[in-house]
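Student: dropping the sequence and predicted coords here.
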Amino acid sequence: MSHAASLELTYRSDAALLVAYATHLSRGHLHTDARLPNGANVQLRLVAPAASIALTGVVARAGGEANGSGHPLETALTLTSRPETFGDAVDKLAFGFRGLKALVAASQAAPRALLIRYLRSIVTCEVIEIDQRRLAEPGAIVNVDLAVVDLDSTGAAGYELYARLREHPEAGSAPALAVAQLERDRARAASLGFDEALANPPAFADLQAAVLHALGKPLTITAV
């Protein structure tokens, strides 16, 4: 069988690949930003620090223009074959999973507590809290797997914190989510590169979908 494309999907961490498995791969599906035609056969290699897994799939829905949420449609692949060692590789990742490290920045205690409670209900995580006092601390940014910034309470300091996160040698590639009441602030966050910009306070279901999507998204997709 000929293949229209061979793609290598690199995940930022073993946890990211594990999230991708929990949300899509376990059901025989995979979403990618790669633009491929419907029905195309695809060879895939999923790469994480502790795993390298070869799969094959077929394009069930091609990506395209933005949908109602404003996000471009991702290409949906239906997996057609998985190696016998696939389960062992996933088990190894799950056995080594000790939780994520998440940064939550909000100057006010109530919105910070809400975000932390939601995050801990979505995924096992250690939370680093950034309050008003810590916003400008040079050591506030450490290596994390996810960041959530309340732009309403942090204001300009929240945008500065995001810029410092992106400059961090390890945490710079971590997905970052913004929450803000006003559409103009969410639009600004999206233009600056936040992975998601949600209403504030976010609905739990919206935050859950955004967190799992951001965590499980490949860091890079390369044609090989």
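Tutor: Okay, I see it.
Student: quick one: least confident helix or strand in the chain?
Tutor: strand 64-66 (a mean of 61; mean pLDDT, DSSP states H and E).
Student: now do the strands in this structure.
Tutor: 5-10, 29-32, 41-48, 51-61, 64-66, 72-73, 75-81, 100-105, 125-130, 146-150, 176-179, 196-198, 220-223 (DSSP state E).
Student: which one of these lies nearest to Ala94?
Tutor: Ala94 lies closest, by Cβ to Cβ, to one member of these: strand 51-61, at 11.1 Å. For glycine as for every other residue, the C-beta is placed from the backbone atoms N, C-alpha and C.
Student: next, the angle strand 5-10 makes with that closest one.
Tutor: 130 degrees (axes from the mean of the first three to the mean of the last three Cα atoms, to 10 degrees).
Student: by contact count, what packs against strand 51-61?
Tutor: strand 29-32, strand 41-48, strand 75-81, helix 86-96 (3 or more Cβ pairs under 8 Å, 6 or more residues apart in numbering; DSSP states H and E).
Student: relative to His213, which of the ones you listed is closest?
Tutor: Nearest of the helices and strands packed on strand 51-61 (Cβ to Cβ): strand 29-32, 8.4 Å.
Student: how about the closest one: buried residues?
Tutor: Leu30, His31, Thr32 (16 or more other Cβ atoms under 10 Å).
Student: and of those, the nearest to Ala197?
Tutor: Nearest member of these to Ala197, counting by Cβ to Cβ, is His31, at 19.7 Å.
Student: can you list the buried residues of strand 29-32 in TSV and add pLDDT?
Tutor: What follows is the buried residues of strand 29-32, written out as TSV (pLDDT from 0 to 100):
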residue	pLDDT
Leu30	84
His31	81
Thr32	82
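Student: and the residues you listed, which is closest to Ser81?
Tutor: Each of the buried residues of strand 29-32 was scored against Ser81 by Cβ to Cβ, and Leu30 proved nearest at 12.7 Å.
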